[in-house]
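Participant: With the sequence up front, the predicted model follows.
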Amino acid sequence: MTAVRAAAPVSPHPAITDFIADGAHVFDDLVDPQAAAALLADIRATRPFDHRLFLSEAEFDADPQHVGVNPRPGRNLLERFEDRLDFVEQAPHIAGALRALLGEGYELLNRKVVCGVPQASVPAWLQARILGNPVNNLGAYVRPEYRDVTYFYGIDFHQDLIDYRDRPADFLTLYVYLHPVSRLDAPLFLLTGSHQLGGTVFPHDLTRQGPEAWLYRDGRGEEVEVRQRLLTGPAGFAAIWHACTLHGTQPDAADHERISLRYLLARGPAPAGIDEVNAALRGPLALPQTRLDLAPDGQAVVKGNIVNQV
Ligand SMILES: O=C(O)CCC(=O)C(=O)O
């Protein structure tokens, strides 16, 4: 008689189980720290990362531009380093997790260099103007030739869905530190479990419950307790999170800039773990409106910042 052998159960990729539970997956393995350091040195050599990044107050006031100031195709520093990115994009642990979550043939939506600007580099006139703003993307104030990088002076808790009105949360963010990032270097704060409520409108309804716990309400009658996780780590540290996972940064408190790589990657045509993750959400996958903090010209009209109170 032929013995019938039961098929061995296939356990899901840990990135899928972490996304279902936490809305994020932090990689145990680093991407090659030497390759990260070499890329960092070449990025740093492209410009002074200090007050010279910025327009003068008079130059800014002569023609304030609040939109179209982020990297875009044709003005993106990473385009110069495209052939240097295999240490991230082909790293087996990264590519394996992306295939599990997004399926074969996943799509690169966007990749760029992100800089956390230290206080000493932000001119006094600019500090006064942006004080208390929830989103301090400094692109509007940066000299046009340097707008191939995104510069932050902190950003309040938000979902990456914020930039994608009407698009379903079929994408994720991959974030890589190119040098060691401590508490002072504007590390990412993630609110684990916050993806569960699906898309919600920025600014978000968060009430502190304890040193690392928050109550998060979606404005539709649902709420969830979420935990704050600080992403500090060495050069080559990498993490991915769901488009509905709340995260933010405080202003860089170190004496040097924090430079990272940020990727947005979307589901491909093949079966993908993100479908299982999204099926478990308790809220909408897409929003007709993602934020209420901006005037039509892109200027901040809502003040207040939660992540800076942590
Ligand atoms: O790098 C930062 O300071 C913030 C990055 C971030 O939250 C984002 O790009 O969505």
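Facilitator: Nice, I can see it.
Participant: Get me the contact residues on the protein for the ligand.
Facilitator: Contact residues (Cβ under 6 Å from any ligand atom) of the chain with the ligand: 114, 116, 152, 155, 160, 186, 247, 249, 260, 262. Just so you know, the C-beta spots here come from the backbone N, C-alpha and C atoms, and that holds for glycine as well.
Participant: at 5 Å what do you get?
Facilitator: Residues of the chain lying close to the ligand by Cβ under 5 Å from any ligand atom are 114, 116, 152, 155, 249.
Participant: Okay, and the nearest residue to T249 once chain neighbours are set aside sits in which element?
Facilitator: Leaving aside its sequence neighbours, T249 sits nearest to A186 (Cβ to Cβ, 6 or more residues apart in numbering; 4.6 Å). For A186, there is no host helix or strand (DSSP states H and E).
Participant: Just the local confidence number for T2, please.
Facilitator: Among the per-residue scores, T2 holds a pLDDT of 57.
Participant: do the same with the one 3 residues further on
Facilitator: We have a pLDDT of 72 for R5.
Participant: In contact with the residue in the stretch 201-310 of the chain that the ligand sits nearest to, which residues?
Facilitator: In the stretch 201-310 of the chain, the residue that lies nearest the ligand is T249 (3.5 Å; Cβ to the nearest ligand atom). Residues in contact with T249 (Cβ atoms under 8 Å, 6 or more residues apart in numbering) are 116, 152, 154-155, 186-189, 307.
Participant: Give me the buried subset of the residues you listed.
Facilitator: Buried residues within those, counting neighbours by 16 or more other Cβ atoms under 10 Å: 116, 152, 154-155, 186-189, 307.
Participant: The stretch 51-200 of the chain: strands as residue ranges?
Facilitator: 107-116, 135-137, 150-158, 171-177, 188-192 (DSSP state E, counting those that start in this stretch).
Participant: Export the ones you listed as TSV, with columns for distance to R72 and mean pLDDT.
Facilitator: Output for the strands of the stretch 51-200 of the chain, formatted as TSV (distance: least, Cβ to Cβ, whole Å; pLDDT from 0 to 100):
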stretch	distance to R72	mean pLDDT
strand 107-116	9	97
strand 135-137	14	90
strand 150-158	11	95
strand 171-177	18	98
strand 188-192	23	98
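Participant: What residues sit buried inside stretch 37-56?
Facilitator: 39-40, 43, 47, 49, 53-55.
Participant: now do the same end-to-end measure for it.
Facilitator: Stretch 37-56 has its terminal residues 32 Å apart, counting by Cα to Cα, to the nearest Å.
Participant: how distant is that stretch from the center of its chain?
Facilitator: In terms of Cα atoms, centre = their mean, to the nearest Å, the centre of stretch 37-56 is found 20 Å from the chain centre.
Participant: Endpoints of stretch 293-308, how far apart?
Facilitator: 17 Å.
Participant: hang on, the earlier thing: closest to the ligand among the contacts of T249?
Facilitator: The nearest member of these to the ligand, counting by Cβ to the nearest ligand atom, is F152 at 3.8 Å.
Participant: can you pull up the bridge partners for the closest one?
Facilitator: G116, N137 (DSSP bridges).
Participant: tell me the contacts of it?
Facilitator: Applying Cβ under 8 Å, 6+ apart to F152 gives the contacts 114-117, 136-138, 186, 249.
Participant: ditto for L261
Facilitator: 78, 85, 88, 111-114, 174-176, 178.
Participant: element containing it?
Facilitator: Counting by DSSP H and E, L261 is part of strand 258-266.
Participant: quick one, that strand and strand 150-158 angle?
Facilitator: 60 degrees (axes from the mean of the first three to the mean of the last three Cα atoms, to 10 degrees).
Participant: Beyond strand 258-266, next helix or strand please.
Facilitator: Using DSSP H and E, the helix or strand that follows strand 258-266 towards the C-terminus is helix 273-279.
Participant: what does that next one rub up against?
Facilitator: Helix 273-279 is contacted from outside by 12-13, 15-16, 19-20, 100-103, 168-170, 172, 195, 242, 267, 285, using Cβ under 8 Å, 6+ apart.
Participant: Would you mark the buried spots in it?
Facilitator: Taking 16+ other Cβ under 10 Å as the criterion, helix 273-279 shows 273-274, 277-278 as buried.
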